[in-house]
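[1] Please work out how this folds:
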Amino acid sequence: MKIKKIINHIGDKLLIFIFSMMVMMPLHPNFMTHTLRDSGLFMYIGWRILEGEIPYRDVWDHKPPIIFYLNALGLLINEHWGVWIIQLIFIFSSFILLHKLVSTIFDKQTSLIAICIASITLFFALEGGNLTTEYTILFQVLGIYLFHKYSHNKNKKILFLIGILGGLAFFTKQTAIGIWIAVGLYFLFQFLSKINKQTAKEFILQIGSIGIGVFLNFIFWHLFFLSHNSLNEYYDANFHFNFVYSSIETQELSRSYPILVGLVRMQDTGILLLSLTGFLYILFLKNKFRHPILFLSLIN
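    Below is the predicted model of the structure:
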């Protein structure tokens, strides 16, 4: 029985690895001989970092710093190959965590079918790969996984780790923090549904634990850029420029365009209809509205 269990366990991981390779093989350096605009820029800044230069002070871009240092790490491993390997690790790790999470809530078969469809959809969303949103998937999935753990084990250390991940996501792509806002709102709804001294104390500890984790990321990067005499340049690129850039499109229709593009891409592979139908079925017909992960998904 133990051997059969081990084989089944390895079989799941092998299948998920194949799904990950389905996403990453078209982006393999042997097949994709040139990088696209954003990826090429991130790799260029990564190379400049390896030459001893500092982002924002010596070379400019308006993305947060983690994407540049991930590319520097990839180039240090083995140039373009190294960057590809890091992407594969992030995608594979995300799928493994998703499998553990969905298998716990539903079953293995549902999880593997969902990941298969997700892997097909993800390929169309990557646009050549090595994008900020590609790396934040792991932070987001791990954040949801830890939130699920916390819902069964009220350990504040887990919330601290969720906060750390929120900071990592923010310093990879600022707009990737929807999951953490949803977690905060989830705790707020819990508090408002039963207001008393005990729930107020619990709510403050929950938000505080997450906040400390996020704050440590801010402290680290602020000290880093301050020590390299580039804190003003960092703020100018990451916040001032992005606020100005995002305020150019003032009409709501223009702001919603990227969402519509994303929905069309999900529609092409069928994941939009399947996931929405399944979500509504479980939420209302199966009456699992109060399930922490499903409620969190609804808020998000």
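[2] And the helix or strand bottoming out on mean pLDDT in the chain, what does it pack against?
    Least confident element among the helices and strands of the chain, by mean pLDDT, DSSP states H and E: helix 252-268 (a mean of 73). Applying 3 or more C-beta pairs under 8 Å, 6 or more residues apart in numbering; DSSP states H and E, one finds that helix 252-268 contacts helix 108-126, helix 271-280. C-betas here are computed from N, CA, C, even on glycine.
[3] what's the angle between the first one and helix 271-280?
    Helix 108-126 runs at 140 degrees relative to helix 271-280, counting by axes from the mean of the first three to the mean of the last three C-alpha atoms, to 10 degrees.
[4] Any buried residues in helix 108-126, and which?
    Along helix 108-126, these residues count as buried under the neighbour rule (16 or more other C-beta atoms under 10 Å): 111-112, 114-123, 126.
[5] Then the last one?
    For helix 271-280, the neighbour count (16+ other C-beta under 10 Å) marks 271-272, 275 as buried.
[6] what does it contact?
    114, 117-118, 120-121, 263, 266-267, 294, 297 (C-beta atoms under 8 Å, 6 or more residues apart in numbering).
[7] State the mean pLDDT of the longest helix seen in the chain.
    If you go by DSSP state H, the chain has its longest helix at helix 66-105. The pLDDT scores in helix 66-105 average 94.
[8] Please apply the same query to stretch 29-38.
    83.
[9] Let's see the distance spanning that stretch from one end to the other.
    16 Å (C-alpha to C-alpha, to the nearest Å).
[10] in the stretch 51-200 of the chain, which segments are predicted with low confidence?
    Of all residues in the stretch 51-200 of the chain, none has pLDDT under 70.
[11] got the angle for the least confident helix or strand of the chain vs helix 271-280?
    Using the same axes, to 10 degrees, helix 252-268 lies at 90 degrees relative to helix 271-280.
[12] buried ones in helix 252-268?
    Going by 16+ other C-beta under 10 Å, helix 252-268 has these buried residues: 265-266.
[13] And stretch 228-248, by the same measure?
    Going by 16+ other C-beta under 10 Å, stretch 228-248 has these buried residues: 228, 230-231, 233-234, 237-238.
[14] Ok, stretch 171-178 next?
    Going by neighbour count (16+ other C-beta under 10 Å), the buried part of stretch 171-178 is 171-173, 176-177.
[15] how about those in TSV, adding distance to residue 84 and secondary structure?
    Output for these, formatted as TSV (distance: C-beta to C-beta, whole Å; DSSP: H, G, I helix; E, B strand; the rest coil):
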residue	distance to residue 84	secondary structure
171	22	coil
172	18	coil
173	20	coil
176	22	helix
177	27	coil
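[16] Leaving out chain neighbours, which residue sits closest to residue 199?
    With sequence-adjacent residues excluded and distances taken as C-beta to C-beta, 6 or more residues apart in numbering, residue 199 is closest to residue 191, at 5.1 Å.
[17] what about that neighbour, which SS state?
    Classification of residue 191 by DSSP: H, G, I helix; E, B strand; the rest coil places it in helix.
[18] how many other residues sit next to it?
    Look at residue 191: counted by other C-beta atoms under 10 Å, it has 18 neighbours.
[19] list the contacts for it?
    Counted by C-beta under 8 Å, 6+ apart, residue 191 has contacts 199-200, 202-203.
[20] Pick the one among the buried residues of helix 108-126 closest to residue 61.
    When the buried residues of helix 108-126 are ranked by distance to residue 61 (C-beta to C-beta), residue 126 comes first, at 19.4 Å.
[21] Could you name the specific helix or strand carrying the closest residue to that closest one other than its chain neighbours?
    Closest residue to residue 126 apart from its sequence neighbours, by C-beta to C-beta, 6+ apart: residue 134 at 6.0 Å. Assessed by DSSP states H and E, residue 134 sits inside helix 132-152.
[22] Give me the angle between the next helix or strand after that helix and helix 66-105.
    From helix 132-152 onward toward the C-terminus, using DSSP H and E, the following helix or strand is helix 156-170. Here helix 156-170 runs at an angle of 130 degrees relative to helix 66-105 (the same axes, to 10 degrees).
[23] Would you enumerate the residues in contact with the closest residue to residue 270 other than its chain neighbours?
    Sequence neighbours aside, residue 117 is the residue nearest to residue 270 in space, at 6.8 Å (criterion: C-beta to C-beta, 6+ apart). For residue 117, the contacting residues are 269-271, 274, taking C-beta under 8 Å, 6+ apart as the criterion.
[24] Pipe the residues you listed into TSV and attach pLDDT and distance to residue 67 per row.
    As requested, these are exported to TSV (pLDDT from 0 to 100; distance: C-beta to C-beta, whole Å):
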residue	pLDDT	distance to residue 67
269	78	26
270	80	31
271	82	26
274	83	31
